[in-house]
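1. Here is a sequence together with a model predicted from it:
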Amino acid sequence: MNPSLEDIVSLCKRRGFIYPGSDVYGGLSGTWDYGPLGVTLKRNIMALWWQMFVEQRDDMYGVDAAILMNQKVWQASGHVDTFTDPLVECSNCHGRFRADKIDVSKCPTCGKTDTFGEPKQFNMMFKTSVGPVASDESISYLRPETAQGIFTNFKNVVDSLYPDVPFGIAQQGKAFRNEISPRDFIFRSREFEQMEIEYFVHPSDWERIFEDWVKLVHDWCRALGLPEDKVHELEVPAEDRAHYSKRTIDFEYDYPIGREELLGLAYRTDFDLGNIQRASGKSMEYRPKDGSAPFVPHVIEPSFGLERAVMAVLCAAYTVDTVGDDERIVLKLPRALAPVKVAVSPLLKNKQELVAKAREVYQLLQKEVGAVMWDDNGNIGKRYRRQDEIGTPACVVVDFQTLEDGTVTVRDRDTTEQTRVKIDQLTLALETSR
Ligand code: ATP
């Protein structure tokens with residue numbers, strides 16, 4: 001099943017995953033708000049990433065750096081001078097576009113030809129001022145990537161935790177880019193989240209470790225439930241690579257909008273630590289514990305965009321199939337990502353004894369499973385459809401037999417099969433079901 005972008009946008013709005021930012025005031029281009037189900041989906045993806053890349057490894061350290069940083073960070077990193085996109089303006093309708101993303105012989109808005117002049121370089125950082133007095137010294141920027149918050153803490157982590165190289169520092173958090181043309185739902189936004197790792201290596205090891213990271217990125221895509229044949233590696237040719245990179249692979253996904261970048265993997269050499277060393281005058285050399293020669297570590301950087309992961313996950317999970325005579329939309333999310341793990345309902349909502357027992361089961365699961373939804377609206381079939389559409393892996397129904405033998409019906413989202421399970425074995429059954 002290949003849903004259209006409209007299918008995904010419509011489901012997200014209808015069911016409380018994602019809304020346009022500042023919607024009530026007519027919106028703010030390039031911003032999106034996550035609703036009750038979207039925030040949980042997003043956090044589940046972040047938690048899975050943190051588990052896989054930080055908690056389950058011995059060589060990884062987490063940080064959470066401030067978004068506002070000293071402007072010297074962005075001067076030294078090259079962002080002040082070169083974090084630009086080529087901007088063109090149509091002399092007829094004054095529409096502004098990224099020159100490398102359109103055919104500049106014809107304006108995409110008004111259709112006039114030959115209305116574009118030479119592109120200007122437009123810096124994508126949001127500039128702001130820190131403190132009550134605006135001056136050159138008070139300039140700061142909303143960070144356009146989380147990576148610099150990692151590099152600036154390299155020395156702190158080494159001095160406080162003494163890790164052996166190779167080791168990595170990981171961070172999740174907001175990044176801001178004043179994109180010329182935000183587009184395609186959350187794919188290109190002006191405010192988004194990144195999950196980045198700077199993996200510090202000895203310069204002689206980078207090729208081997210880069211290959212390890214290629215495999216780890218594929219493991220990640222599998223954990224998100226992305227079909228392997230929709231994930232592609234694009235070896236970025238030297239002329240298209242960022243100036244600091246000696247090798248880059250863009251991992252692309254077959255989105256409804258076409259094959260586009262999901263995340264990037266780059267070998268950034270010692271570009272950033274070298275810059276910090278020059279600009280701050282502080283040594284970024286690493287001294288191995290075995291007494292061998294000190295060196296400035298090189299860096300492998302997997303850079304994951306959270307929104308692009310959310311969008312890929314939703315597109316991969318979105319399925320339309322038929323159950324009996326009914327067509328249904330079902331989100332076949334991996335259980336770890338599903339915002340609601342289980343829905344609980346009484347078979348009939350006007351039978352007190354069923355409602356009371358169902359409440360008991362609901363409270364038990366709330367404690368043991370978390371993320372449980374109470375659903376007693378409409379008939380059972382409608383409840384199942386509603387839960388299918390938001391990806392709830394299991395629905396539990398309390399019926400008259402429950403009152404007799406202490407078993408409930410557990411209905412599986414993907415197979416729609418129903419089994420009877422004893423209440424005291426329910427948690428285990430739900431946790432091992434998918
Ligand atoms: P693009 O070429 O699509 O603009 P990029 O190569 O500039 O992306 P990077 O600077 O490598 O992107 O950023 C790392 C990751 O951050 C990207 O792979 C993507 O997942 C995410 N990302 C970058 N820009 C945006 C954006 N405007 N909206 C959402 N996610 C983004």
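-> Yep, it's here.
2. Can you pull the poorly scored residue ranges out of the stretch 301-434 of the chain?
-> Across the stretch 301-434 of the chain, the ranges flagged by pLDDT under 70 are 433-434.
3. hmm, try it at 90
-> Confidence mapping of the stretch 301-434 of the chain against pLDDT under 90 gives the ranges 323-326, 431-434.
4. the helices in the stretch 101-250 of the chain, which residues?
-> Using DSSP state H, counting those that start in this stretch, the helices of the stretch 101-250 of the chain run over 147-151, 154-161, 206-223.
5. Of those, which stretch is the most buried?
-> With neighbours taken as mean count of other Cβ atoms under 10 Å, these reach their highest mean count in helix 147-151, at a mean of 24. (Glycine included, C-beta is placed from N, CA and C.)
6. is that helix anywhere near the ligand?
-> No. If you take Cβ under 6 Å from any ligand atom as the test, helix 147-151 misses the ligand, and the best it gets is 8.8 Å.
7. And the contacts of that helix?
-> With contact meaning Cβ atoms under 8 Å, 6 or more residues apart in numbering, helix 147-151 is reached by 63, 65-66, 69, 73-74, 77, 143, 169-171, 173, 194, 196-198, 272-273, 276, 301, 303.
8. Phi and psi next, for residue 80.
-> phi -60, psi -40 (degrees, to the nearest 10).
9. Now do the contacts for it.
-> Listed by Cβ under 8 Å, 6+ apart, the contact set of residue 80 reads 71, 74, 123, 125.
10. and the closest residue to residue 59 other than its chain neighbours, how many neighbours does it have?
-> Nearest residue to residue 59, sequence neighbours excluded (Cβ to Cβ, 6 or more residues apart in numbering): residue 167, at 4.6 Å. Neighbour count for residue 167, taken as other Cβ atoms under 10 Å: 21.
11. who does residue 167 bridge with?
-> Residue 167 forms beta bridges with residue 200, as assigned by DSSP bridges.
12. Please report the distance of it from residue 296.
-> If you measure residue 167 against residue 296 using Cβ to Cβ, to the nearest Å, the figure is 15 Å.
13. Next one: the residue nearest the centre of the chain from residue 139, what distance?
-> Centroid-nearest residue in the chain: residue 306, 1.4 Å away (criterion: Cα atoms, centre = their mean). According to Cβ to Cβ, residue 306 stands 28 Å off from residue 139.
14. count of residues packed around the closest residue in space to residue 341 that isn't next to it in sequence?
-> Counting by Cβ to Cβ, 6+ apart, residue 371 is the residue found nearest to residue 341 once chain neighbours are left out, at 4.6 Å. By other Cβ under 10 Å, the residues close to residue 371 number 14.
15. Contacts only, for residue 371.
-> Contacts of residue 371 were listed using Cβ under 8 Å, 6+ apart, and they are 40, 338-342.
16. from the contacts of helix 147-151, which ones fall inside strands?
-> Assigned to strands by DSSP state E, the following of those qualify: 169-171, 173, 194, 196-198, 301, 303.
17. Of those residues, which are in range of the ligand?
-> Checking the ones in strands among the contacts of helix 147-151 against the ligand by Cβ under 6 Å from any ligand atom, the ones in range are 194, 303.
18. from the ones in strands among the contacts of helix 147-151, which single one is nearest the ligand?
-> Of all those, the ligand sits closest to residue 303, with 3.9 Å by Cβ to the nearest ligand atom.
19. gap between residue 410 and the ligand?
-> Distance from residue 410 to the ligand, counting by Cβ to the nearest ligand atom, to the nearest Å: 37 Å.
20. ditto for residue 389
-> Taking Cβ to the nearest ligand atom, one finds residue 389 at 25 Å from the ligand.
21. and the helix or strand encompassing that residue, what other elements does it pack with?
-> Applying DSSP states H and E as the criterion places residue 389 in helix 380-390. Under the contact definition 3 or more Cβ pairs under 8 Å, 6 or more residues apart in numbering; DSSP states H and E, helix 380-390 sits against strand 326-331, strand 342-346, strand 394-398.
22. Residues in contact with the last one: which ones?
-> This means strand 394-398. Residues from elsewhere that reach strand 394-398 (Cβ under 8 Å, 6+ apart): 341-347, 354, 357-358, 361, 365, 375, 380, 383-384, 387, 408-413, 426, 430, 433.
23. That one to strand 342-346, inter-axis angle?
-> Orientation check (axes from the mean of the first three to the mean of the last three Cα atoms, to 10 degrees): strand 394-398 against strand 342-346 gives 20 degrees.
24. Kindly report the same for the longest one.
-> Following the same axes, to 10 degrees, one obtains 140 degrees for the angle between strand 326-331 and strand 342-346.
25. What pairs with strand 326-331, parallel or antiparallel?
-> Counting by DSSP bridges, strand 326-331 is paired with strand 318-323 (antiparallel).
26. and the strand it pairs with with helix 380-390, angle?
-> Strand 318-323 runs at 160 degrees relative to helix 380-390, counting by the same axes, to 10 degrees.
27. May I see the buried residues of strand 318-323?
-> Going by neighbour count (16 or more other Cβ atoms under 10 Å), the buried part of strand 318-323 is residue 318.
28. What average pLDDT does stretch 215-226 get?
-> Averaged over stretch 215-226, pLDDT sits at 98.
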